[in-house]
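Participant: Test case, fold it:
(chains A and B)
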Amino acid sequence: MEAASVSQPTQAKRRKKSGAVGSEPRTPWWLWLAVAAIVIFCLLPFYWLINISLKTGADLSGSDIVPPSPSFDNYTSIFENANFTKALRNSAIVSLVTTLLGIVVGSFAAYALARLQMRGKGILLAIVLSITTFPQIAIAAPLFRLWADVGIYDTLIGLVIPYLTFALPLSIYILVSFFREIPKDLEEAALVDGATHFEAFRKVVVPLAAPGLATTAILTFIAAWNEFLLATTLTSSPSARTTPVAISQFTGSSQFEVPLGTQSAASVVISIPLIILVLLFQKRIVAGLTAGAVKG
Amino acid sequence: MSDTATLRAGTPQKRRSRGIPERRLAVYMVAPSVALIALVALWPIIYAIWLSLHEYSLRQAGLSRWAEPAGLGNYTDALWGDESADFWSATRVTFIFTIASVILETIIGLAMALAMHSAFKGQGLLRTVVLVPWAVLTVVTAIMWRTIFDPNLGFVNSLLGTNTVWLGEEPQALMVMIFADVWKTAPFMALLLLAGLQVIPGEIYEAAKVDGANMWQRFRKITLPLLMPALLVALIFRTLDALRAFDLPKVLTNGANDTTTLSLLAQRTFQENRLYGEGSALSILTFIIVMIVSFGYIRLVGGNIRGMTEE
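Facilitator: Next comes the predicted model:
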C-alpha cells in the first residue's frame, strides 16, 4: 500500500486534488479514533503524574484534572533534598559507566561473533541470549552476601559489576545484528591492503557501525537507569542509592503518609532525560528494539 | 579451546593477513565478555545454590559466616513444609500476573500495531508517543498508577463513580498491577509487531483483494501467519520478563493484598528477614521456573529462536 503511494506520488496528489474517490485508501474516521485512543492511552497517565506533581496542600486531596493552584513547591523541595540529588548523581555515574563498559567489551565479542571464523558461535550467542532471560533475583541474593564479604556492598562499583549481566548480553545481541549489516567488501578491501583483522574492526567496522553503537548505548543506558531490584538489594545508604530506590523510599511528613506530591515531582524529573532521548532518537531506539526480532 | 580451533585442519585459509590468526583473534575478542558474564552471572548463581543448601538463622548470620548444612531442607520447606503456603501463593500470583498481562499486552499491542501500520500520516509521531510508556521507569510507572487509582487523588473512582480503595483490596490490587504492566509494555509489543507488519509485502494483500478476500480473511490468512515469528519473539520476551516481576509489586503495594510475586518473596526473605538459605532456595526455584517456561517456549518455536542466533 505504502509502496504504491510512494511510487506514484504525482498521480496520488492529482487524484486527491480532484476529490475523486479512487482505489487509493483514505484515512477513515475509525483510524483517527484509533490513533487518538493510542495517544490518550500512552500520554494520559503521564499527564496525571505531572498534574499531581504541581499540586500542594489542599489540592492534594482532590482529583481535579488541572491543579487549582499550581505550584512548583514539590520540585523545589526535592532539589533541596540532598539524598535525591546524590541519587541522581549516582544514577548518572552507574548508568554511564555500565553503558561504556558494556559497549566496549560487548562490541569486541559482537564483532567476533558476527564476522570472524570461530567454532561454537551459535552456542555462544544462544548462551548470551539466554542470560538476558535470567531472573535478576538469582543474582541478587548471593551478591547481597558476597559483596559484603568482598567489601563492595553499598558502593557504585558494586552496582556496575552486576549491571554488566544485562548490559553485555544486550550490547552483544544488538551489535551482532548491526555488524552483520555492514557490507563485507569494505573489510575485505582493508585486509587486502594489509590491515589486520583487528585494524579492520577498529578503523572500518566501528566507524561504519556508529549508528548501531549509539542505539546500543541508548538502550543500555535506559536499562541501567531503570534498574531497581539490584539497586535496592545492594545498597543501604544514600551514598550509593540510585534514583529509583531513592524515590521509592521517599517519606512524607509523617511515617504513614505517602508523599505522592514529591514522589510525582521526582518521577517527572527522572523521566525527563529518557523522554528527551526518545524524542531525539526514536528511529534508532525502534531499530535497536526490533534488531534481530524480525527475521523471516 | 583456542588451540584446537587454530590447529584444526579442514577449511582452507583463503586469505592470509598479518597479525593474529583470525580464529585466535576471535577467541581473544570473545574472552573478556565470556569471563565477565561468568564472573557476574554464573559465579553468583553457583554461590546461590551453595547458600540454598545451608541454613542461616538470624542469630548466626549476625555473629559469624558459619552456616549449618541443611541439605535440601530449604527446598522441601518452601515446596511442602512450613513456608509452602507463601511459596505457592507467590507462584499463583506470578502466573496470574504473567498470563493476564501478556495476553492483554498482545491483544492491545496487536491492535495498536495494526492501527499504526494503517495510519500513514503521523506514523513517526505515533512511534514517539508509543515509546513514552516504554521509556518511563518501572518504579515511576508504579507511582503513576498509584496516583491514578488513589481514592482521593486519582480519577478512576470519579470516572467509575465508585468508592474503592483499589490497592487495599484483594483482587483489585493485582488488577491495578496488571493494568500498570499492560500500559508500560503493550507499546513495546506494538513496536515489535509493527516491525513485523512492515516486512509483509503489500502485493500479497493486493492479490488477496483481487481474489475477493475480505478484511477479516486477509487478517486471518495473511497477516497473522506472517506475523507469527515476530509475535512469538515478543511473547517470549514479555513472558520471561513478567515472570520475574519485582519493581511493580514492590512499589505499588510491597506485596500486600495478594500481590507478592516470587521475586518479591525471595528478596524479602533474604534481605528483610536475613534468611539467606531460604531466600536463596526461593531464588533458585524462581530461576528454575523461568528456565522451564523458556525451554517450553523454545520447544514450541525452536525454529524461530535458531533463526535469531544463526546467520
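
Participant: Geometric centre of chain A: which residue is closest?
Facilitator: A:Ile222 (2.8 Å; Cα atoms, centre = their mean).

Participant: Tell me which helix or strand it sits in.
Facilitator: A:Ile222 is part of helix A:210-226 when elements are defined by DSSP states H and E.

Participant: Toward the C-terminus, what is the element adjacent to that helix?
Facilitator: Scanning onward from helix A:210-226 (DSSP H and E), the first element met is helix A:229-233.

Participant: Quick one: mean pLDDT for stretch A:138-149?
Facilitator: The average pLDDT for stretch A:138-149 rounds to 88.

Participant: nope, stretch B:250-265 is what I was after
Facilitator: What stretch B:250-265 shows for mean pLDDT is 91.

Participant: closest point of chain A to chain B, which residue?
Facilitator: A:Thr196 (2.8 Å; Cβ to the nearest Cβ). From N, CA and C alone the C-beta is placed, and that goes for glycine too.

Participant: is it true that B:Asn163 lies in a helix?
Facilitator: No: using DSSP: H, G, I helix; E, B strand; the rest coil, the secondary structure at B:Asn163 is coil, not a helix.

Participant: Pull the contacting residues for it.
Facilitator: By Cβ atoms under 8 Å, 6 or more residues apart in numbering or on different chains, B:Asn163 lies in contact with B:Pro151, B:Asn157.

Participant: Neighbours of B:Arg218, how many?
Facilitator: By other Cβ atoms under 10 Å in any protein chain shown, the residues close to B:Arg218 number 16.

Participant: pLDDT score for it?
Facilitator: At B:Arg218, the pLDDT recorded in the model is 85.

Participant: Can you give me every residue that contacts it?
Facilitator: B:Tyr205, B:Ala208, B:Lys209 are the contacts of B:Arg218 under Cβ under 8 Å, 6+ apart.

Participant: Out of those, which end up buried?
Facilitator: Buried members of the contacts of B:Arg218, counted by 16 or more other Cβ atoms under 10 Å in any protein chain shown: B:Tyr205.

Participant: My read is that the residue of chain A closest to chain B contacts B:Arg24, right?
Facilitator: No: A:Thr196 is not in contact with B:Arg24 according to Cβ atoms under 8 Å; the separation is 11.7 Å.

Participant: Now do the SS call for the residue nearest to A:Lys55 when sequence neighbours are not counted.
Facilitator: Distances taken as Cβ to Cβ, 6 or more residues apart in numbering or on different chains place A:Pro67 nearest to A:Lys55, at 4.6 Å, with adjacent residues excluded. Look at A:Pro67: counting by three-state DSSP, its state is coil.

Participant: Now do the helix holding A:Ile222: everything it contacts.
Facilitator: Helix A:210-226 is contacted by residues A:91, A:94-96, A:98-99, A:102-103, A:106-107, A:163, A:166-167, A:170-171, A:174-175, A:178-179, A:181, A:206, A:243-244, A:270, A:273-274, A:277, A:281, A:284-285, A:287-289, A:291, B:135, B:137-139 when judged by Cβ under 8 Å, 6+ apart.

Participant: Among these, name the buried ones.
Facilitator: Using 16+ other Cβ under 10 Å as the burial test, the contacts of helix A:210-226 include A:91, A:94-96, A:98-99, A:102-103, A:106-107, A:163, A:166-167, A:170-171, A:174-175, A:178-179, A:206, A:243-244, A:270, A:273-274, A:277, A:281, A:284-285, A:287-289, A:291, B:135, B:137-139 as buried.

Participant: now, which of those residues lie within helices?
Facilitator: Per DSSP state H, helices hold the following members of those: A:91, A:94-96, A:98-99, A:102-103, A:106-107, A:163, A:166-167, A:170-171, A:174-175, A:178-179, A:206, A:243-244, A:270, A:273-274, A:277, A:281, A:284-285, A:287-289, B:135, B:138-139.

Participant: now the chain, which segments are flagged as low pLDDT?
Facilitator: I'll assume chain A. Along chain A, segments meeting pLDDT under 70 span A:1-27, A:252-258, A:292-296.

Participant: other chain: chain B
Facilitator: Residue ranges of chain B with pLDDT under 70: B:1-19, B:57-67, B:120, B:302-311.

Participant: at 80 what do you get?
Facilitator: Within chain B, the segments meeting pLDDT under 80 span B:1-20, B:56-70, B:119-123, B:161, B:163, B:298, B:300-311.

Participant: I'd say the residue nearest to A:Lys55 and A:Gly57 touch.
Facilitator: No: when contacts are counted by Cβ under 8 Å, A:Pro67 is not listed as touching A:Gly57 (10.6 Å).

Participant: More neighbours: which of the two?
Facilitator: Neighbour tally, A:Pro67 and A:Gly57, criterion other Cβ under 10 Å: the higher count belongs to A:Pro67, 17 against 10.

Participant: thinking again about what came up before, how deep is the residue of chain A closest to chain B tucked in, by neighbour count?
Facilitator: Neighbours of A:Thr196 under the rule other Cβ under 10 Å: 16.

Participant: So which residues on the stretch 201-311 of chain B come close to chain A?
Facilitator: Contact residues (Cβ under 8 Å from any Cβ of the partner chain) of the stretch 201-311 of chain B with chain A: B:202, B:205, B:229-230, B:233-234, B:240, B:243-244, B:246-247, B:250-251, B:262-263, B:266-267, B:270-271, B:276, B:279-280, B:283-284, B:286-287, B:290, B:294, B:305-311.

Participant: Can you select the buried ones from those in PyMOL?
Facilitator: Per 16+ other Cβ under 10 Å, the buried members of those correspond to this PyMOL selection:
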select buried, chain B and resi 205+229+230+233+234+240+243+244+246+247+250+251+262+263+266+267+270+271+276+279+280+283+284+286+287+290+294+305+308+309
